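Engineer: Provide a 3D model corresponding to the input given below.
(chains A and B)
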Protein chains: 2
Amino acid sequence: MIAVLAGGVGAARFLSGLLGAVDPAEVVAIVNVGDDVELHGLHISPDLDTVMYTLAGAINPDTGWGLRDETWHAMDTLAQYGGPAWFRLGDRDIGTHLYRTGRLRDGAPLSTITSELCAAWKLGCRVTPVTDDRVPTMVTIDDDGADMEVGFQDYFVGRQHDVTVRSLRFDGADAARPAPGVLDTLATASAIVIAPSNPLVSIAPVLAIPGVRDAVAARRDACVAVSPLVGGAALKGPADRLMREFGHDDSVVGVARLYADVADVLVIDDVDAALTDDVAGAGMRAVVTDTIMSSPEVSVALARTVLDAIH
Amino acid sequence: MIAVLAGGVGAARFLSGLLGAVDPAEVVAIVNVGDDVELHGLHISPDLDTVMYTLAGAINPDTGWGLRDETWHAMDTLAQYGGPAWFRLGDRDIGTHLYRTGRLRDGAPLSTITSELCAAWKLGCRVTPVTDDRVPTMVTIDDDGADMEVGFQDYFVGRQHDVTVRSLRFDGADAARPAPGVLDTLATASAIVIAPSNPLVSIAPVLAIPGVRDAVAARRDACVAVSPLVGGAALKGPADRLMREFGHDDSVVGVARLYADVADVLVIDDVDAALTDDVAGAGMRAVVTDTIMSSPEVSVALARTVLDAIH
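Structural biologist: Numbers count the residues shown, from 1 in each chain, chains lettered A, B, ... in the order given. Next up, the predicted model:
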């Protein structure tokens, strides 16, 4: 098995390439749920859905999230009422949230529900939340000089991550348990990949689930990370800004320092080739390749390079 | 003020006619919420929505419920997952449920939310749930010879009311309180109208809220009911069958016996003119007119006849 610790868009693209490189039945995506949010009574799991929709070939290619050929009638009605329509939910996408929420109300664990959803999309690989428990990422932001704690989506979508972040907290993580099979998968996988996701708000809440960081660290020799930073910038999202705000180097070297205790190899982009020695100095072996997944072919090639790095 | 005790489709059509007959600002619809249902995490108020959509001119004219020009993408997705799609929710309609559910989660009372929704639809009249409390109508049906209690929508939509009903229960009604203004409206209205709704599952749960039946009975001389049965049959729904199953006469006479303690007049259809004396024998004065609201003009004429009966 190949275990992939995953956030949203970047992880989904990487997984898509991986499924083109190996037998999909060998792949288990272990996905962040810190960005899950309850809105209008619906339980929404953005990272799980981005991974699922991408692997199903159903993702909206323009946005990288949501479903293609989507309509927005429910949101239009909600907006007509003056309701909170800042978190855009397409009509087809809402069907996913209706199913998930209904099953959660029935008492089904999120991991079971995710399996059901992925089966309906006929995914060849396994996708699981890292935990069935609620572990909402809470973000303390600078609100005109004062601390204000908001939910992750309020920060990420509502404020378009255009604010200063002072601290992050994975609420409930200390008491959370890994979802069934997660620790076993990490213990027995032939490779563990940390996908090119935000280290601080996508991968950290995965590693924060008790037992997960230790399970990955115990397999350090089989673990390779892909840097989400390319030339000091995130391709999407606030990873570079957050790295700076939290006092980390906003480069592959900063990423290497964060992952050195859990992963042996850091795959970095060609543009960062000159930092190979600095990555080594931070405790990780650098492998240099094209990491910008601009086409399915590049994604597949990246996945092959990642696997070759540890085999 | 004119207070109208209301269920769904029949009440909505009557109210529509009433708004053509009097100043809409004079009208208060007091609506059943016993058929409210929580599905997929969403709070759905079918009677409130049928009244609101009808008065907004937005009702689906083919079904009598839901919105016109509707799409069904969320339901299609839910069905793709094998989810419970028996209660059809259109995409635009879902926007209403998202707003309502979100506001309920914020702690807003259903009556406040209903006012907000109706304001957005620019309704000229007031619409209120009879109570802000949850009073789900529970239906004990015959399940192959055994009693089985199910929720109202499971009975009404899920089984298309094609089963024998043994008993009805308005869960929580004993402890419920009338919504703000309901008792005052009933006490001061110049007329109270019991709309042509199902006496047993639409009007009974309104009267079951503590204080409401007494408030209406205290105004018996100002109260007129419109029979939902015409020639012994319901125009829509299971009213006639339920009347029989509960031992009532499935005619305007049976309706008169149910309402004689709260209303002075029963408006019956021309086809039931021969039963005028029997209605009187049951304790109500009969007024005969065309009650089949096949056009807006008939609805307006019916409303005028109803008001004339007590003025």
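Engineer: buried ones in the lengthiest helix in chain A?
Structural biologist: The residue-count maximum for a helix in chain A (DSSP state H) belongs to helix A:91-106. For helix A:91-106, the neighbour count (16 or more other Cβ atoms under 10 Å in any protein chain shown) marks A:91-104 as buried. Yep, even glycine has a C-beta here, placed from its N, CA and C like the rest.
Engineer: Dump those residues to CSV, plus distance to B:D49 and pLDDT.
Structural biologist: Shown next, in CSV, are these (distance: Cβ to Cβ, whole Å; pLDDT from 0 to 100):
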residue, distance to B:D49, pLDDT
A:D91, 18, 98
A:R92, 22, 98
A:D93, 23, 98
A:I94, 17, 98
A:G95, 20, 98
A:T96, 24, 98
A:H97, 20, 98
A:L98, 17, 98
A:Y99, 22, 98
A:R100, 24, 98
A:T101, 20, 98
A:G102, 20, 98
A:R103, 25, 98
A:L104, 25, 98
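Engineer: if we can go back for a sec, just the angle between the longest helix of chain A and helix B:91-106, please?
Structural biologist: Calculated by axes from the mean of the first three to the mean of the last three Cα atoms, to 10 degrees, helix A:91-106 forms an angle of 40 degrees with helix B:91-106.
Engineer: which strands and helices sit next to helix A:91-106?
Structural biologist: strand A:42-44, helix A:73-80, helix A:110-120, helix B:73-80, helix B:91-106 (3 or more Cβ pairs under 8 Å, 6 or more residues apart in numbering or on different chains; DSSP states H and E).
Engineer: Let me know which of the ones you listed is the nearest to A:T289.
Structural biologist: Nearest to A:T289, of all those, is helix A:110-120, at 28.9 Å by Cβ to Cβ.
Engineer: Check which residues of the closest one are buried.
Structural biologist: Here helix A:110-120 shows A:110-118, A:120 as buried, counting by 16+ other Cβ under 10 Å.
Engineer: Write out the residues of chain A neighbouring chain B.
Structural biologist: Neighbours of chain B within chain A, by Cβ under 8 Å from any Cβ of the partner chain: A:38-43, A:70-71, A:73-78, A:80-84, A:90-99, A:101-105, A:116-117, A:120.
Engineer: do that again at 7 Å, thanks
Structural biologist: Counting by Cβ under 7 Å from any Cβ of the partner chain, chain A comes close to chain B at A:39-43, A:71, A:73-78, A:80-84, A:91-92, A:94-96, A:98-99, A:101-102, A:105, A:116-117, A:120.
Engineer: what does stretch A:225-235 rub up against?
Structural biologist: Applying Cβ atoms under 7 Å, 6 or more residues apart in numbering or on different chains, the contact partners of stretch A:225-235 are A:10, A:14, A:193-199, A:239-240, A:250-252, A:255, A:259, A:263, A:266-269, A:271-272, A:291-292, A:306.
Engineer: Which members of those are classed as buried?
Structural biologist: A:10, A:14, A:193-199, A:239-240, A:250-252, A:255, A:259, A:263, A:266-269, A:271-272, A:291-292, A:306.
Engineer: can you tell me which of the residues you listed are in helices?
Structural biologist: Going by DSSP H, the helices hold A:10, A:14, A:239-240, A:252, A:255, A:259, A:306 from the buried ones among the contacts of stretch A:225-235.
Engineer: Surely A:V139 is within a strand?
Structural biologist: Yes: the assignment for A:V139, made by DSSP: H, G, I helix; E, B strand; the rest coil, places it in a strand.
Engineer: What is the burial count for the nearest residue to it once chain neighbours are set aside?
Structural biologist: Nearest residue to A:V139, sequence neighbours excluded (Cβ to Cβ, 6 or more residues apart in numbering or on different chains): A:Y155, at 4.1 Å. Around A:Y155 there are 25 other residues, counting by other Cβ atoms under 10 Å in any protein chain shown.
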